[in-house]
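In: return a 3D structure for these sequence lines:
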Amino acid sequence: MSAAFLFLLLLSGTNLLLSTPIDGNNSEKPRLLDDIAIPDTLFRNADPCTAIGCKWPKSGFLVNVPYEISSNYTQRERRTILKGLKSFHRRTCIRFVPRRPDDQDYIHFFSEEGCWSYVGRQDGGQNISLESDSCLDLATIQHEVLHALGFHHEQVRSDRDKYVRIHFENIDEEEEHNFDKEETNNLGTPYDFNSVMEYSNDAFSKNGKPTIVAKCNPKMKFGHAKKMSFNDIARVNKLYKCKW
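Out: Numbers count the residues shown, from 1 in each chain. Got it, this is the predicted structure:
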């Protein structure tokens, strides 16, 4: 992930209505594109996150995002998730607040197989899966939450060809869709190799060779960020017009 300004936003045009409350034990796992959940109502992954309904609503200077955490997590695991959420509070106008009974749109964190999230706000609530055995590190929590706030992966942004070369000959054929370029809203920010949304050089490689190469430095290693970059934070503030 990198130290330049950037980010990719994708809205999901039609929203998936989920039951209330969302129960990780009985809700079906959605179709996934890597870690992005696709609603059954529409295979929608190419709309910029600028349409009505993608962003979480703002109230005054803050964006309150209701959440709930599955009781299946241990207290220690809950604290880890809360630490990830609070990392947004310090430097953005996003505020994660405990869900109230009358909150219709909210995020439900639960431990399903793998790490995944929907892109942008969904009507009626939405799941973020953070498998307790493999997804509870700060970067992964921030990554999946950024999806829910409206951000997509770095390597699919509309202008990515200015910054990287995608070596499709090295990509596992079944995973090529993860590199399809999208019509993203980049908010006037350049590619960020330090972003928590950036894939690693050899992501989905079938032969151990690089699948993503930086044009500015073909030997550059990236895709292993430990936390949100300066630019990840700047993008959140820009998208949500935070006074930060």
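In: CA only for contacts and neighbour counts going forward, please
Out: Fine.
In: could you say what helices and strands the longest helix seen in the chain packs with?
Out: For the chain, the helix with the greatest residue count under DSSP state H is helix 75-89. When contacts are defined as 3 or more CA pairs under 8 Å, 6 or more residues apart in numbering; DSSP states H and E, helix 75-89 sits against strand 94-98, helix 138-149.
In: now do the nearest residue to E176 once chain neighbours are set aside: how many residues are near it, please.
Out: In this structure, E176 finds its nearest non-sequential neighbour in F168, 7.1 Å apart by CA to CA, 6 or more residues apart in numbering. Number of residues near F168 (other CA atoms under 10 Å) recorded here: 15.
In: surely F168 and E175 touch.
Out: No - between F168 and E175 no contact is recorded; they are 9.8 Å apart, counting by CA atoms under 8 Å.
In: now distance to R121 and mean pLDDT too, for the helices and strands packed on helix 75-89, in TSV please.
Out: Shown next, in TSV, are the helices and strands packed on helix 75-89 (distance: least, CA to CA, whole Å; pLDDT from 0 to 100):
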stretch	distance to R121	mean pLDDT
strand 94-98	13	99
helix 138-149	6	97
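In: mean neighbour count, the ones you listed: which tops it?
Out: Among the helices and strands packed on helix 75-89, the stretch with the highest mean neighbour count (mean count of other CA atoms under 10 Å) is helix 138-149, at a mean of 24.
In: that one to strand 94-98, inter-axis angle?
Out: Orientation check (axes from the mean of the first three to the mean of the last three CA atoms, to 10 degrees): helix 138-149 against strand 94-98 gives 90 degrees.
In: counting contacts, what elements does helix 138-149 pack onto?
Out: In terms of contact count using 3+ CA pairs under 8 Å, 6+ apart, helix 138-149 is assigned the packing partners helix 75-89, strand 115-117, strand 126-130.
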